[in-house]
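Undergrad: build me a model from this:
(one chain, ligands or ions: 2)
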Amino acid sequence: MKRYDVIIIGSGSAASQAATILRDAGKEIAIIENWTFGGTCPQRGCDPKKMLAEGAELLARAERMRELGVEGSLSLDWSSFKKRIDEYRFSIPTSKTQHWNEMNIDLYQGEPHFIDKDSIVIDGHELSAPQFLIATGQTPRPLDIPGGEHAITSDDVFDLESLPKSIHIVGAGYIAFEFAHIFRRFGSEVTLLIRSRALKAFDPNVVHRLVEESKHIGITVRHDVEPTRIDGNILTLSDDSTLEGVVLNATGRIPSIERLHLDTAGVETDHDGVHVNGYLQTSNPNIYAAGDVASSPNPALTPFAGQEGRIAALNMLHGNTRALPERPAPTIVFTTPPIAKVGLTVEEAEAEGIDFEVKETDMSHFLTYSRINDATAYTKVLLSADDYVIGAHVIGHHAPELINLFSFIIQNKLSHQHVKHLEVAYPTAASDLTYLI
Ligand SMILES: Cc1cc2nc3c(=O)[nH]c(=O)nc-3n(C[C@H](O)[C@H](O)[C@H](O)COP(=O)(O)OP(=O)(O)OC[C@H]3O[C@@H](n4cnc5c(N)ncnc54)[C@H](O)[C@@H]3O)c2cc1C
Ligand SMILES: NC(=O)c1ccc[n+]([C@@H]2O[C@H](COP(=O)([O-])OP(=O)(O)OC[C@H]3O[C@@H](n4cnc5c(N)ncnc54)[C@H](O)[C@@H]3O)[C@@H](O)[C@H]2O)c1
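TA: Ligands and ions are numbered 1, 2, ... in the order given. All right, here's what the predicted structure looks like:
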């Protein structure tokens with residue numbers, strides 16, 4: 001039996017950050033991965049998605065500026081984008097394994113499961129360690145209708161050799177909206193099948209504008225029907241009508257814990273993931289969990305997976321000394337236009353009984369947006385009674401960078417007065433900040 005100081009299961013952002021800290025502290029470690037090394041974000045998540053979204057945004061921007069004099073036709077070629085994405089995503093396992101080999105970390109590829117509280121078996125090899133980190137992320141939720149297995153998931157999108165003529169997307173979260181806009185801008189016919197409130201973690205006024213813009217660019221948005229079965233490339237709906245084309249299952253992601261036999265190791269779980277305390281320690285004190293798989297208060301986003309990997313590693317080294325910080329989570333849906341939020345929504349602030357006021361601004365007439373003909377630009381900012389930003393919600397071309405600024409303002413507790421006197425370059429989206437709060 002091979003022994004290590006720490007065994008990390010999973011090789012994404014959480015695992016990667018933890019491995020560096022544990023190895024730098026002199027720990028003998030192993031990383032186990034049951035797919036290709038490197039995790040979701042660079043291989044089938046944020047990074048390849050953003051490469052497609054950049055194309056979609058460029059086309060959207062050119063379209064918007066037609067009235068201002070942009071001429072000629074512009075189109076997006078799926079195969080060329082895919083070629084570039086493949087070059088990038090297929091390089092990840094090699095660069096990751098090279099890096100970890102240089103750090104003298106042992107790597108195992110296969111399906112591990114616990115056989116007791118400090119040992120696992122992987123492909124017939126028994127490995128043991130006094131400490132483990134579970135960092136196995138999430139996986140697409142199966143689509144629970146007859147023939148649901150014929151639907152593709154976001155994992156499969158990057159394997160599509162050609163652009164689907166029609167794509168029908170089930171779900172109304174990040175993945176549904178991002179891919180609806182990407183496929184529409186590339187030229188597919190797109191249907192969005194929405195069961196309940198769209199993007200429910202986001203501000204309703206912002207989401208309303210996004211849904212209207214989705215319809216405006218030709219996405220068919222349907223709230224009236226549900227998918228009932230899939231036969232090959234035929235999707236049957238609850239009103240007995242059918243749609244032909246590719247079905248994308250975007251109904252959410254579930255923790256990847258199924259085959260680990262965590263109960264054998266005394267690790268409690270539920271449908272949200274591995275139970276952890278504020279130090280990311282599980283119900284077995286020698287086992288920690290970090291990233292998307294951990295049912296911590298953090299959203300399932302890359303920066304938080306990395307942060308949790310670092311915190312778990314430090315607590316594994318030094319005892320439970322680092323609690324998860326309470327930080328506002330900036331997050332963006334990369335649609336065309338993008339939407340973004342940080343801090344509290346109105347619903348959350350009301351539920352917490354906070355005394356606050358709301359400032360809504362239609363920014364479309366600001367020169368920053370009228371010069372690019374962006375008619376959707378809008379912000380909603382929540383200000384506490386003592387004049388601090390506690391939440392910001394944005395739609396518009398500049399939403400991603402604006403939300404990072406709002407995040408900086410909230411995290412550094414800059415008051416309204418501070419923000420009014422910030423020196424920023426003009427003419428930029430940041431130079432409008434003073435009018436938004
Ligand atoms: C399409 C898509 C787009 C996204 N876009 C964004 C974005 O724009 N911004 C953002 O912040 N976040 C985005 N995310 C979320 C982001 O990818 C995740 O939050 C992040 O990758 C989580 O990191 P992690 O280390 O917790 O898990 P992962 O990166 O998922 O790594 C877990 C690893 O564990 C492996 N594994 C699973 N089960 C086992 C097992 N039993 N044994 C061994 N190994 C196992 C997996 O194969 C995987 O390699 C996106 C996600 C998706 C799916
Ligand atoms: N830009 C980003 O940062 C980004 C992009 C993609 C994914 N992510 C991360 O990945 C996570 C997963 O994304 P996601 O879009 O898969 O999940 P999600 O939780 O954002 O959305 C799932 C959607 O599916 C709907 N749904 C669930 N079951 C359904 C059913 N049976 N029929 C119809 N609709 C159903 C839900 O109501 C919801 O609208 C996100 O929560 C986020 O943390 C982030």
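Undergrad: okay, Thr335: pLDDT?
TA: You'll see Thr335 listed with a pLDDT of 98.
Undergrad: burial of Met1, as a residue count?
TA: 8 (other Cβ atoms under 10 Å). Yep, even glycine has a C-beta here, placed from its N, CA and C like the rest.
Undergrad: I'd say it and Val121 touch.
TA: No. Counting by Cβ atoms under 8 Å, Met1 stays clear of Val121, with 9.8 Å between them.
Undergrad: what do those two both touch?
TA: Common contact partners of Met1 and Val121 (Cβ atoms under 8 Å, 6 or more residues apart in numbering): Leu127.
Undergrad: contacts for the helix or strand containing Phe408, please.
TA: Counting by DSSP states H and E, the element that carries Phe408 is helix 399-411. By Cβ under 8 Å, 6+ apart, the surrounding residues in contact with helix 399-411 are 327-328, 330-332, 334, 337-343, 379, 381, 388-390, 392, 394, 396, 414, 418-419, 429-430, 433.
Undergrad: mind listing which of the residues you listed are in strands?
TA: Within the contacts of helix 399-411, residues falling in strands by DSSP state E are 331-332, 339-343, 379, 381, 389-390, 392, 394.
Undergrad: buried residues in the helix-or-strand element of the chain with minimal mean pLDDT, which are they?
TA: Using mean pLDDT, DSSP states H and E, helix 416-420 stands out as the lowest-scoring helix or strand of the chain, at a mean of 89. Of all the residues in helix 416-420, those buried under the rule 16 or more other Cβ atoms under 10 Å are His416, Val419.
Undergrad: gap between that helix and the chain center?
TA: Relative to the centre of its chain, helix 416-420 is centred 31 Å away, using Cα atoms, centre = their mean, to the nearest Å.
Undergrad: not counting that helix itself, show me its contacts.
TA: By Cβ under 8 Å, 6+ apart, helix 416-420 touches Leu383, Asp387, Tyr388, Val389, Ile409, Leu433, Thr434, Ile437.
Undergrad: my guess is His113 meets Asp263, correct?
TA: No. The pair His113 and Asp263 fails to qualify as a contact (Cβ under 8 Å) at a distance of 10.6 Å.
Undergrad: between these two, which has more neighbouring residues?
TA: Using other Cβ under 10 Å as the criterion, His113 and Asp263 rank with His113 on top: 14 against 11.
Undergrad: three-state assignment of that one?
TA: strand (DSSP: H, G, I helix; E, B strand; the rest coil).
Undergrad: which positions in the chain make contact with ligand 1?
TA: Residues of the chain found near ligand 1 (Cβ under 6 Å from any ligand atom) are 9-15, 32-35, 39-41, 45-46, 49, 112, 135-137, 154, 175, 256, 259-260, 291-292, 300-303, 305.
Undergrad: can you rerun that using 5 Å?
TA: 9-10, 12-14, 33-35, 39-41, 45-46, 49, 136-137, 154, 256, 291-292, 300-302, 305 (Cβ under 5 Å from any ligand atom).
Undergrad: mind checking which of these are in helices?
TA: Taking DSSP state H, the ones among the residues of the chain next to ligand 1 that sit in helices are Ser13, Ala14, Thr40, Cys41, Cys46, Lys49, Ser154, Thr302, Ala305.
Undergrad: just among those residues, which is most surrounded?
TA: Neighbour max across those (other Cβ under 10 Å) = Ala14, 34 neighbours.
Undergrad: what residues are up against the closest residue to Met51 other than its chain neighbours?
TA: Once flanking residues are discounted, Met51 sits nearest to Ile85: 5.2 Å by Cβ to Cβ, 6 or more residues apart in numbering. Remark: with contacts taken as Cβ under 8 Å, 6+ apart, Ile85 is in contact with Pro48, Met51, Leu52, Phe158.
Undergrad: same thing but at 10 Å, please
TA: Gln43, Asp47, Pro48, Lys49, Lys50, Met51, Leu52, Phe158 (Cβ atoms under 10 Å, 6 or more residues apart in numbering).
Undergrad: which of those sit farthest apart?
TA: Farthest-apart pair in these is Gln43 and Leu52; separation 14.1 Å (Cβ to Cβ).
Undergrad: in a markdown table, list the contacts of Ile85 along with pLDDT and distance to Ile217.
TA: Output for the contacts of Ile85, formatted as a markdown table (pLDDT from 0 to 100; distance: Cβ to Cβ, whole Å):
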| residue | pLDDT | distance to Ile217 |
| --- | --- | --- |
| Gln43 | 98 | 29 |
| Asp47 | 98 | 24 |
| Pro48 | 98 | 22 |
| Lys49 | 98 | 18 |
| Lys50 | 98 | 19 |
| Met51 | 98 | 20 |
| Leu52 | 98 | 15 |
| Phe158 | 98 | 22 |
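Undergrad: dump those to CSV, plus distance to Ala323.
TA: CSV is the format used below for these (distance: Cβ to Cβ, whole Å):
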residue, distance to Ala323
Gln43, 31
Asp47, 30
Pro48, 34
Lys49, 32
Lys50, 32
Met51, 36
Leu52, 38
Phe158, 37
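Undergrad: burial count for whichever residue of the stretch 151-300 of the chain sits closest to ligand 2?
TA: Nearest residue of the stretch 151-300 of the chain to ligand 2: Gly173, at 1.9 Å (Cβ to the nearest ligand atom). By other Cβ under 10 Å, 18 other residues sit near Gly173.
Undergrad: which residues does the residue nearest to His223 when sequence neighbours are not counted contact?
TA: Spatially, and ignoring its direct neighbours in sequence, His223 is nearest to Ile194 (5.1 Å; Cβ to Cβ, 6+ apart). By Cβ under 10 Å, 6+ apart, the contact set of Ile194 is 169-173, 176-177, 211, 221-226.
Undergrad: and the gap between whichever residue of the stretch 1-150 of the chain sits closest to ligand 2 and Ala151?
TA: Here the stretch 1-150 of the chain gets closest to ligand 2 at one residue, Asp144, 6.2 Å apart by Cβ to the nearest ligand atom. From Asp144 across to Ala151, the span is 11 Å (Cβ to Cβ, to the nearest Å).
Undergrad: the two - which one has more neighbours?
TA: More crowded of Asp144 and Ala151, by other Cβ under 10 Å: Ala151, with 23 against 8.
Undergrad: now do the same contact list for the closest residue to Met103 other than its chain neighbours.
TA: Excluding the flanking residues, the one nearest Met103 by Cβ to Cβ, 6+ apart is Arg23, at 5.1 Å. Each residue near Arg23 by Cβ under 10 Å, 6+ apart is listed here: Asp5, Val6, Ile29, Trp100, Met103, Asn104, Ile105, Ala313.
Undergrad: for the third one, which non-adjacent residue is closest in space?
TA: If I follow you right, that is Ile29. Val6 (4.8 Å).
Undergrad: tell me the bridge partners for that neighbour.
TA: Ile29, Gln131 (DSSP bridges).
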